[in-house]
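Chemist: Build the 3D model from these lines:
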Amino acid sequence: MARAYLPPSWIMKEGANRLTALFGSPILEVEGRNSGRLQSIPINVLEHDGKRYLVAPRGETDWARNVRAAGRATLKTRRGAEEIRLVELDTKDKPDLIAAYREKWDRPTKAQWMALPDPADHPIFQIVDAGATA
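Modeler: I've put the predicted structure just below:
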């Protein structure tokens, strides 16, 4: 079965992602599952009911597949960097988190949710362990 994925446009990859990072968005760094190279991508960190989550509105993105393979990553924010361990959630746990994510970031991601309305198409990872590294 093919996994749902909405690739970002060239403008998004080459321009908007870099601008977003410049304006202080958190950056997720994860080792590539095939290349072994470090991938850095701006990401929204959802805080919900005292827990933190990473949500993939574009579906089966490279970062989601890399996190799934590695189980860990580095999250860089203005406060520093932290090593994080991530656990992927089951589909049954996703609707409430997707609603919370959309409440906060619906405007920039609305088209992605409309194109991929099934919660099963969106990997969501809970940050279960974190430690400061810098």
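
Chemist: Endpoints of stretch 111-129, how far apart?
Modeler: 32 Å (Cα to Cα, to the nearest Å).

Chemist: how about the strands in the chain?
Modeler: With DSSP state E as the criterion, the chain has strands at 27-31, 38-42, 45-48, 51-55, 72-77, 80-88, 124-132.

Chemist: Provide the contact partners of the third one at residue level.
Modeler: When contacts are defined by Cβ atoms under 8 Å, 6 or more residues apart in numbering, strand 45-48 is touched by residues 26, 52-55, 75, 77, 96-97, 100-101, 104, 127. The C-beta positions use only the backbone N, C-alpha and C, and glycine is treated the same way.

Chemist: Same check on the fifth one?
Modeler: Contacts with strand 72-77, where a contact means Cβ under 8 Å, 6+ apart, come from 26-30, 43, 45, 66-67, 81-86, 127, 130, 133.

Chemist: Could you do the last one as well?
Modeler: Counting contacts by Cβ under 8 Å, 6+ apart, the residues outside strand 124-132 that touch it are 45, 51-56, 64, 67, 75, 80-89, 93-94, 97-98.

Chemist: Then the fourth one?
Modeler: For strand 51-55, the surrounding residues in contact (Cβ under 8 Å, 6+ apart) are 28, 43-47, 67, 86, 89, 97-98, 101, 122-127, 130.

Chemist: Could you rerun that using 7 Å?
Modeler: 28, 43, 45-46, 86, 97, 101, 122, 124-127 (Cβ atoms under 7 Å, 6 or more residues apart in numbering).

Chemist: Tell me how many other residues crowd P26.
Modeler: Other residues near P26 come to 17 when the count uses other Cβ atoms under 10 Å.

Chemist: do you know how far it is from L38?
Modeler: 16 Å (Cβ to Cβ, to the nearest Å).

Chemist: now do R78
Modeler: 20 Å.

Chemist: okay, these two: which has more neighbours?
Modeler: Taking neighbours as other Cβ under 10 Å, R78 and L38 compare with L38 leading, 12 against 7.
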